[in-house]
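Trainee: Can you look at this prediction? I've put the sequence above it.
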Amino acid sequence: MIQINILKAEILKNKSFVSLKVLLLFPLLVVLLISSSYFIRDAKNFPNDVWLPFFIDLVDTWSLMFLPINCILLVYSVFGVENYTNNWKNMFSMGIRRTTILNNKFTLLLIYNLLSNVVLIFYGIFVMLLLKVTRPEFKVLINFTNPNLFIMVLLIFLGSLGIIIIYSLVTIWVQSIIYPLVLFVFMTMVNLFIALKNVSIYYPISYPSNIIYNFTNKENYLDFIIISIAIFGLGIFAINCLVDKKFNKKKL
């Protein structure tokens, strides 16, 4: 019961700090960017069915360029409020176990992350339905039962676990908003040059794009998922140790 109340409090806190509407609009911007090429170009450039190719392009672009930035926004919304208000000490002095507070924050963070990916697909479905109605010359073979859409959502979610935990660790460690934000944007730019190369196995930010690329090309992607989950587990342990060190009872 306590955990549910804490989770509700976190949701209310984040609604006032970073609007969920902004987080839901970010996937929409990506969908509009990708779909624009279908609406403004001649249907002759797309002689075959555009349903699955559109979603592959959408997810590729999302995982390569925009998902890392989306993770920044999510971490910012969940942990940034404590940094902005300098509320860590007050929060950990309420008599509630720190692991309980952190677990609820990460639960909310993972829910937001999964929600963003699901919303991206739903926006894409709506755009394809709109394309079929407004541009009937396009071949849009609607297939809601295709499991690839749901599989890609799950793969992106699992691949982004390493990104989220690294961002969270740095944010809590530095207890700042600006410096981690600048660092994470820079790391996202680096990802554009590293993704899909052999060295990307050592760069967790590239995992989602590598997973989607390997999945669509029927190559091995399980290694990236396993490492991403392992990084998330190790990151949880590191954050708990960091919190115990930075906010021990003597300092509270």
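Mentor: Yep, it's here.

Trainee: element containing residue 236, please.
Mentor: According to DSSP states H and E, residue 236 maps onto helix 222-246.

Trainee: Could you list the buried residues of that helix?
Mentor: 224-225, 227-228, 231-232, 235-236, 238-239, 243 (16 or more other CB atoms under 10 Å). C-betas here are computed from N, CA, C, even on glycine.

Trainee: One more: stretch 118-133?
Mentor: 118-121, 123-125, 127-128, 131-132.

Trainee: Where helices are concerned, which of the residues you listed count?
Mentor: Members of the buried residues of stretch 118-133 lying in helices (criterion: DSSP state H): 118-121, 123-125, 127-128, 131-132.

Trainee: which of the buried residues of helix 222-246 lies closest to residue 112?
Mentor: Using CB to CB, residue 232 is the member of the buried residues of helix 222-246 that lies nearest residue 112, at 15.1 Å.

Trainee: Find the nearest non-adjacent residue to the closest one, please.
Mentor: Of all residues not flanking residue 232 in the chain, residue 161 sits nearest, at 3.9 Å (CB to CB, 6 or more residues apart in numbering).

Trainee: And residue 219, by the same measure?
Mentor: Distance criterion CB to CB, 6+ apart; nearest residue to residue 219, sequence neighbours excluded, is residue 213 at 7.8 Å.

Trainee: And the pLDDT at that neighbour?
Mentor: If you check residue 213, the pLDDT there is 90.

Trainee: Ok, residue 91 next?
Mentor: pLDDT at residue 91 comes out at 66.

Trainee: so what's the closest residue to residue 127 other than its chain neighbours up against?
Mentor: Nearest residue to residue 127 in three dimensions, chain neighbours excluded: residue 35, at 4.5 Å (CB to CB, 6+ apart). Contacts of residue 35 were listed using CB atoms under 8 Å, 6 or more residues apart in numbering, and they are 54, 58, 124, 127, 131.

Trainee: And residue 208, by the same measure?
Mentor: So residue 208 contacts 63-64, 67, 155-156, 159-160, 163 (CB under 8 Å, 6+ apart).

Trainee: Most neighbours among those, which one is it?
Mentor: Each of the contacts of residue 208 was scored for neighbours by other CB atoms under 10 Å, and residue 67 scores highest at 31 neighbours.

Trainee: Hmm, it is touching residue 162, no?
Mentor: No: taking contacts as CB atoms under 8 Å, residue 67 lies outside contact range of residue 162: 11.8 Å.

Trainee: And the helices in the chain, which stretches?
Mentor: Using DSSP H, helices in the chain cover 2-17, 20-40, 51-61, 67-85, 88-92, 98-134, 147-159, 161-174, 178-194, 207-216, 222-246.

Trainee: what mean pLDDT would you report for the third one?
Mentor: In this case it means helix 51-61. Helix 51-61 comes out at a mean pLDDT of 88.

Trainee: picking up where we left off before, quickly check the contacts of residue 35 for the two that are furthest apart.
Mentor: Maximum distance among the contacts of residue 35 (CB to CB): 12.6 Å, for 58 and 131.

Trainee: Could you report the neighbour count for the nearest residue to residue 203 once chain neighbours are set aside?
Mentor: Of all residues not flanking residue 203 in the chain, residue 194 sits nearest, at 5.1 Å (CB to CB, 6+ apart). Neighbour count for residue 194, taken as other CB under 10 Å: 18.

Trainee: before we move on, the earlier item: contacting residues around the residue nearest to residue 219?
Mentor: Residue 213 touches 60, 196, 219, counting by CB under 8 Å, 6+ apart.
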